[in-house]
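A.B. asks: take this sequence and fold it.
(one chain, ligands or ions: 4)
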Amino acid sequence: MSQLTEIAANPYADELAAAKKAVSLAARLCQRVQQGILQSDIQSKADRTPVTVADYGSQVLISLVLKKELLSHSFSMVAEEDSEDLRKDDAQQILEHITSLVNETIANDDSYNMSLSKEDVLAALDGGKSEGGPSGRHWILDPIDGTKGFIRGDQYAVALGLLDEGKVVLGVLGCPNLPSKSTNKHNGSSSGDQVGSLYFATIGCGAKVQALEGSEPQKITICSVNNPVDASFFESLEHSKRDLTSSIAEKLGVQAPPVRMDSQAKYAALAQGDGAIYLRFSGKGYKERVWDHAAGSIIVTEAGGMVKDASGNDLDFSKGRYLDRDRGIIATNRYLMPMVLKAVQEAIDEEQ
Ligand SMILES: Nc1ncnc2c1ncn2[C@@H]1O[C@H](COP(=O)(O)O)[C@@H](OP(=O)(O)O)[C@H]1O
Ligand SMILES: [Mg+2]
Ligand SMILES: [Mg+2]
Ligand SMILES: [Mg+2]
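C.D. replies: Ligands and ions are numbered 1, 2, ... in the order given. Predicted structure coming up:
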């Protein structure tokens, strides 16, 4: 397809190109940090979850690239990180480290000739403070999803979505440790496959994968398993109510053990047919953040799958920084969804 035909067929072609470029550059910074991560690269946030120099660096690079590539558009971003902790007196060293990581990543890429100051870094981080909502366009960014997996040396994802009038219309997931096929063996790579994948989707145009370093994009589709006995399911390694997910799996007759993986790499693996179901049930009262699901969910739906909450409703990304629901997310194909929703309701009812 020529570039002109592609733009005519995909109204978000410019945004997609910018988002892919931004996520690829950020993933490069993350890969470098993960290879030699030190305790001093990791901080604890007010909610006691971890954040690293790479989470900050990735967010800075992505906001920078989007602004450079999409000059004519107004810019609003709902992102996980902000500059508050880095403005404290004892954070000067880590801020310097983030600034040099960002500058080195830019210098190693031929696209931009610039150098950021510490103030530029803080300002770029705070460009992600938008509240999102039902009108206009908003980027939704998780600069590293699965920070715990990232620190452990396991799966993580750089996750960028675009909300337009309350709907997710575009998603890009950079998964530096995910092979483009057959991740269903366990939480890592399997021999022979290309590791380090960039998944992307725009509404109505399907979902694709290419190598992070660049390759011809390939269409991906969710698996067509229609008997739950033949299905396997993904769940979070860190944040899953395992008693509930195992009860759901038992009701369905799922035979395979759960595949536990960090981050939205689970959505990507599901979208390319590595497993059949993703069950996300967190502790009661936990409110899911939009950036933990925006990119992953559109990649699954554009690969032919469905993403619903425990009551069978579509996820609503138009309510601000949080998803409205606090009770479970299910992603699977259209054959299994009715059966999974029924098992979910039964398991939840029994729990009460
Ligand atoms: N108690 C909790 N229950 C559910 N999710 C939680 C949680 N604490 C943190 N999270 C979210 O779970 C995300 C990771 O997803 P997963 O569990 O699938 O690896 C985290 O993203 P970050 O790593 O971007 O902070 C964070 O937003
Ligand atoms: Mg986090
Ligand atoms: Mg996250
Ligand atoms: Mg994160």
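A.B. asks: other SSEs contacting the strand or helix carrying Pro338?
C.D. replies: Using DSSP states H and E, Pro338 falls within helix 337-351. When contacts are defined as 3 or more Cβ pairs under 8 Å, 6 or more residues apart in numbering; DSSP states H and E, helix 337-351 sits against helix 242-252, strand 277-280, strand 306-309, strand 329-332. Any C-beta I mention is one placed from the backbone N, CA and C, and that applies to glycine too.
A.B. asks: that one vs helix 242-252, what angle?
C.D. replies: Counting by axes from the mean of the first three to the mean of the last three Cα atoms, to 10 degrees, helix 337-351 lies at 130 degrees to helix 242-252.
A.B. asks: show the average pLDDT along helix 337-351.
C.D. replies: Across helix 337-351, the average pLDDT comes to 96.
A.B. asks: tell me the contacts of Arg321?
C.D. replies: Val78, Glu131, Gly132, Arg289, Val290 (Cβ atoms under 8 Å, 6 or more residues apart in numbering).
A.B. asks: farthest-separated two in these?
C.D. replies: Of all pairs drawn from the contacts of Arg321, the greatest distance, 12.6 Å, lies between Glu131 and Arg289 (Cβ to Cβ).
A.B. asks: of those two, who's got more company?
C.D. replies: Arg289 (16 against 10; other Cβ atoms under 10 Å).
A.B. asks: beta-bridge partners for that one, please?
C.D. replies: Tyr322 (DSSP bridges).
A.B. asks: isn't it right next to Leu323, touching?
C.D. replies: Yes - taking contacts as Cβ atoms under 8 Å, Arg289 lies within contact range of Leu323: 7.3 Å.
A.B. asks: list residues touching both of the two?
C.D. replies: Common neighbours of Arg289 and Leu323, counting by Cβ under 8 Å, 6+ apart, are absent.
A.B. asks: quick one: contacts for the residue of the stretch 251-352 of the chain found nearest ligand 1?
C.D. replies: Closest contact between the stretch 251-352 of the chain and ligand 1, by Cβ to the nearest ligand atom, is at Ser282 (3.3 Å). Contacts for Ser282 were tallied using Cβ under 8 Å, 6+ apart; they are Ser236, His239, Ser240, Lys241, Glu288.
A.B. asks: contact partners for the closest residue in space to Asp14 that isn't next to it in sequence?
C.D. replies: Closest residue in space to Asp14, ignoring its immediate chain neighbours: Leu70 at 6.6 Å, by Cβ to Cβ, 6 or more residues apart in numbering. The neighbourhood of Leu70, defined by Cβ under 8 Å, 6+ apart, consists of Asp14, Glu15, Ala18.
A.B. asks: how much space separates the first one from ligand 1?
C.D. replies: It stands for Asp14. 27 Å (Cβ to the nearest ligand atom, to the nearest Å).
A.B. asks: got the phi/psi numbers for that residue?
C.D. replies: Torsion angles at Asp14 (phi, psi; degrees, to the nearest 10) stand at phi -60, psi -40.
A.B. asks: now neighbour count and pLDDT too, for the contacts of Leu70, in TSV please.
C.D. replies: TSV is the format used below for the contacts of Leu70 (neighbours: other Cβ atoms under 10 Å; pLDDT from 0 to 100):
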residue	neighbour count	pLDDT
Asp14	14	96
Glu15	23	97
Ala18	24	98
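A.B. asks: and those residues as CSV, adding distance to ligand 4?
C.D. replies: Listed next are the contacts of Leu70 as CSV, based on distance: Cβ to the ion, whole Å:
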residue, distance to ligand 4
Asp14, 26
Glu15, 21
Ala18, 21
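A.B. asks: okay if I get these as TSV plus distance to Asp55?
C.D. replies: Listed next are the contacts of Leu70 as TSV, based on distance: Cβ to Cβ, whole Å:
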residue	distance to Asp55
Asp14	27
Glu15	23
Ala18	21
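A.B. asks: between those, which sits nearest Met337?
C.D. replies: Checking these against Met337 by Cβ to Cβ gives Glu15 as the nearest, at 29.1 Å.
A.B. asks: list the contacts for that closest one?
C.D. replies: Leu70, Leu162, Leu170, Thr202.
A.B. asks: tell me the SS of the nearest residue to Asp109 once chain neighbours are set aside?
C.D. replies: Nearest residue to Asp109, sequence neighbours excluded (Cβ to Cβ, 6+ apart): Leu25, at 6.1 Å. Assigned with DSSP: H, G, I helix; E, B strand; the rest coil, Leu25 falls in the helix class.
A.B. asks: what does the stretch 1-150 of the chain have sitting close to ligand 1?
C.D. replies: Thr49, Glu80, Asp142, Ile144, Asp145, Gly146, Thr147, Gly149 (Cβ under 6 Å from any ligand atom).
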